[in-house]
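Asker: Need a 3D model of the following:
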Amino acid sequence: MCVSIDTNSRKKMDQHFKKVCDGQIDGLKKFSKKILHSCFDRGTIYDYVYYSDSNTWKSWLDLSDPGQRDKFQEGTLVQDIVVTTIDSIRYSYILEMNILNNIPTLFCGPTGTGKSAYATNVLLNKLDSAKFVPIMIGYSAQSKANMAQDIVDLKLDSKRGRRGNFGPKLGMRAVVFVDDLNMPKEEDSGAMPPVEILRQW
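Answerer: Residues are numbered from 1 along each chain as shown. Okay, here's the model as predicted:
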């Protein structure tokens with residue numbers, strides 16, 4: 001619900017949604033009391049996730065384990081640290097749900113906002129390693145299509161009885177994560193072969 005809007009617009013959407021829930025908008029039916037929650041008094045609708053099966057709202061922070069929150073092993077590199085915030089929980093949750101439901105996902109945003117760290121954390125720490133094979137590709141201005149192909153091929157096995165067909169081990173799924181998708185250099189024609197090979201896959 002209106003997740004792809006900026007911060008100022010989220011404030012407006014939050015106020016409008018609460019008015020709809022309270023029946024303050026003429027011509028709109030008032031929501032069932034089951035959908036309303038007292039938590040709306042303490043934050044915006046974007047601070048909570050709604051579970052339709054149980055008609056309950058939960059804070060995004062409730063989805064994290066307080067005992068494990070922000071505990072880092074000695075020697076962890078600074079760039080590998082993910083500090084638990086509502087945003088890190090929210091984006092990690094959305095990515096994990098999309099992967100489990102076979103929904104391709106594209107995270108857009110300014111440089112340095114943690115997109116790569118969130119995705120890497122989900123792939124390496126949240127997904128069941130017995131069911132998923134993470135394949136990570138980092139694009140740069142020098143990336144070539146054959147380099148991307150080689151990285152993927154190294155993680156896949158040849159399928160018995162199917163010449164030229166490759167895939168993850170039996171019973172597993174491959175998840176390809178491409179970092180810096182817009183980095184490859186354009187050719188004179190405007191094509192970006194490392195991106196075109198993703199389209200082909």
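
Asker: those helices in this structure, which residues are they?
Answerer: 7-21, 86-100, 115-121, 145-155, 193-200 (DSSP state H).

Asker: Any chance of CSV for those, columns mean pLDDT and distance to W57?
Answerer: In short, each C-beta sits where N, CA and C put it, glycine included. Shown next, in CSV, are these (pLDDT from 0 to 100; distance: least, C-beta to C-beta, whole Å):
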stretch, mean pLDDT, distance to W57
helix 7-21, 85, 11
helix 86-100, 91, 14
helix 115-121, 90, 23
helix 145-155, 92, 40
helix 193-200, 91, 37
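
Asker: if we compare those helices, which one ends up closest to L77?
Answerer: Each of those was scored for nearness to L77 using C-beta to C-beta, and the closest is helix 115-121 (11.0 Å).

Asker: picking up where we left off before, any chance of the helices of the chain in TSV, with distance to S129 and mean neighbour count too?
Answerer: As requested, the helices of the chain are exported to TSV (distance: least, C-beta to C-beta, whole Å; neighbours: other C-beta atoms under 10 Å):
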stretch	distance to S129	mean neighbour count
helix 7-21	36	13
helix 86-100	13	17
helix 115-121	14	19
helix 145-155	13	15
helix 193-200	24	15
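
Asker: Take the ones you listed and lay them out in TSV including distance to E74.
Answerer: TSV is the format used below for these (distance: least, C-beta to C-beta, whole Å):
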stretch	distance to E74
helix 7-21	36
helix 86-100	22
helix 115-121	18
helix 145-155	30
helix 193-200	37
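
Asker: of all these, which lies closest to K169?
Answerer: Across these, the minimum distance to K169, taken as C-beta to C-beta, is reached by helix 145-155, at 10.0 Å.

Asker: which residues of the protein fall in strands?
Answerer: Taking DSSP state E as the test, the strands found in the chain are 48-51, 56-59, 132-138, 157-158, 166-167, 173-179.

Asker: Would you mind saying which of these lies nearest Y93?
Answerer: Taking C-beta to C-beta, strand 48-51 is the member of the strands of the chain nearest to Y93, at 7.5 Å.

Asker: related to what we said a few turns ago, and the strands of the chain as TSV, adding mean neighbour count, mean pLDDT and distance to C2?
Answerer: Converted to TSV, those look like this (neighbours: other C-beta atoms under 10 Å; pLDDT from 0 to 100; distance: least, C-beta to C-beta, whole Å):
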stretch	mean neighbour count	mean pLDDT	distance to C2
strand 48-51	14	81	13
strand 56-59	15	80	16
strand 132-138	17	96	31
strand 157-158	13	86	43
strand 166-167	14	86	38
strand 173-179	16	95	27
